[in-house]
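Student: pasted the sequence and its predicted model underneath.
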Amino acid sequence: MSTEGLDDGVVPRRASYAQLAKQVLYREYLIFVRYPANAVGGIVIALFFFGVLFYGGEMVAGRALTDSLAGIIVGYFLWTLSVGAYSSISNDIGSEVQWGTLERHVMTPFGFAPVALCKGAAKVVRTFLTSALILAVMLALTDTTLQVPVVTVVVIAGFSIVSVLGLGFAAGGITVLYKQVGNWLNLLQFGFVVLISAPVFELGWTRLLPLAHGSALLQRAMIDGTRLWEFAPADLALLVGVAVGYLAFGYVVFQYATRRARRLGVLGDY
């Protein structure tokens with residue numbers, strides 16, 4: 001074994017979390033540009049479902065749909081963000097399990113959970129860009145005008161989907177432990193529709209659910225033009241608290257599930 005460099009007292013420098021985030025973002029960029037058909041396909045599918053929702057609903061509901069169209073667009077925009085945030089961890093870990101590359105994440109000096117979180121955050125950044133494009137096309141198709149205060153929308157939508165990122169963490173841990181549970185995990189994506197449309201003003205307890213409170217604030221921002229500093233401090237505090245709470249819950253579930261998979265010796269099995 002070569003000892004070159006050891007006699008000089010040179011110690012390899014450990015990579016920083018900033019470098020990890022940079023490399024994960026660059027990886028996400030490469031995946032996006034090297035597989036454009038898949039990236040564009042996701043956008044086309046999202047627009048297709050919105051087209052079915054809009055044109056089909058217009059034929060059935062007529063004027064009633066037009067009156068609530070702005071709310072539907074905002075809700076669908078948040079739903080695309082939520083699905084991207086949720087699947088960024090749960091589906092990605094499922095793919096790593098199938099590919100047999102999961103152990104590489106576990107063996108990194110950063111630890112499995114921080115790497116998964118960075119990968120999830122990188123996919124959320126990409127999802128924000130694609131969802132913004134989908135939003136622009138939806139507004140053009142429906143000839144609808146919305147307020148889009150960028151800072152307000154990014155902050156509210158960002159904290160809203162952090163709670164979903166926590167659910168994705170929990171789902172990823174379950175995937176590591178039980179492997180084939182994709183059908184059950186995908187079912188939760190449709191539950192996001194219920195959360196986004198939850199009647200937070202009539203049922204106050206629904207504010208504690210993921211997406212529900214954030215959806216109500218986002219509606220006020222994009223339809224009524226309410227800016228971030230115009231919201232009540234209690235509303236913003238609740239938004240942050242729900243986001244942090246669900247992210248912490250998902251992180252704990254993820255850590256427990258991965259440790260149990262190690263004890264059972266099924267971490268790398270498929």
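Tutor: Nice, I can see it.

Student: who's in contact with the closest residue to G173 other than its chain neighbours?
Tutor: With CB to CB, 6 or more residues apart in numbering as the criterion, G173 has its nearest non-adjacent residue at 3.1 Å, and that residue is A257. Where you see a C-beta, it was placed from the backbone N, CA and C, and this is true even at glycine. Each residue near A257 by CB atoms under 8 Å, 6 or more residues apart in numbering is listed here: A170, G173, I174, V176, L177.

Student: please enumerate the helices of the stretch 1-150 of the chain.
Tutor: Here the stretch 1-150 of the chain has its helices, by DSSP state H, counting those that start in this stretch, at 17-34, 36-61, 63-67, 69-99, 102-106, 112-142, 150-178.

Student: for stretch 20-35, buried residues please.
Tutor: By neighbour count on 16 or more other CB atoms under 10 Å, the buried set for stretch 20-35 is L20, A21, V24, L25, E28, F32.

Student: returning to that earlier point: need the winner for burial among the helices of the stretch 1-150 of the chain.
Tutor: Ranked by mean neighbour count, those are led by helix 150-178 with a mean of 23 (mean count of other CB atoms under 10 Å).

Student: could you tell me the angle between that helix and helix 112-142?
Tutor: Per axes from the mean of the first three to the mean of the last three CA atoms, to 10 degrees, the angle that helix 150-178 makes with helix 112-142 is 130 degrees.

Student: low-confidence ranges, the stretch 101-250 of the chain, go.
Tutor: 101-106, 179-183, 185, 199-203 (pLDDT under 70).

Student: 90 instead, please
Tutor: Scanning the stretch 101-250 of the chain for pLDDT under 90 picks out the ranges 101-150, 162-216, 219-220, 222-226, 228, 230, 250.

Student: circling back: closest one of the contacts of A257 to L239?
Tutor: Among the contacts of A257, A170 lies closest to L239 (CB to CB), at 20.1 Å.
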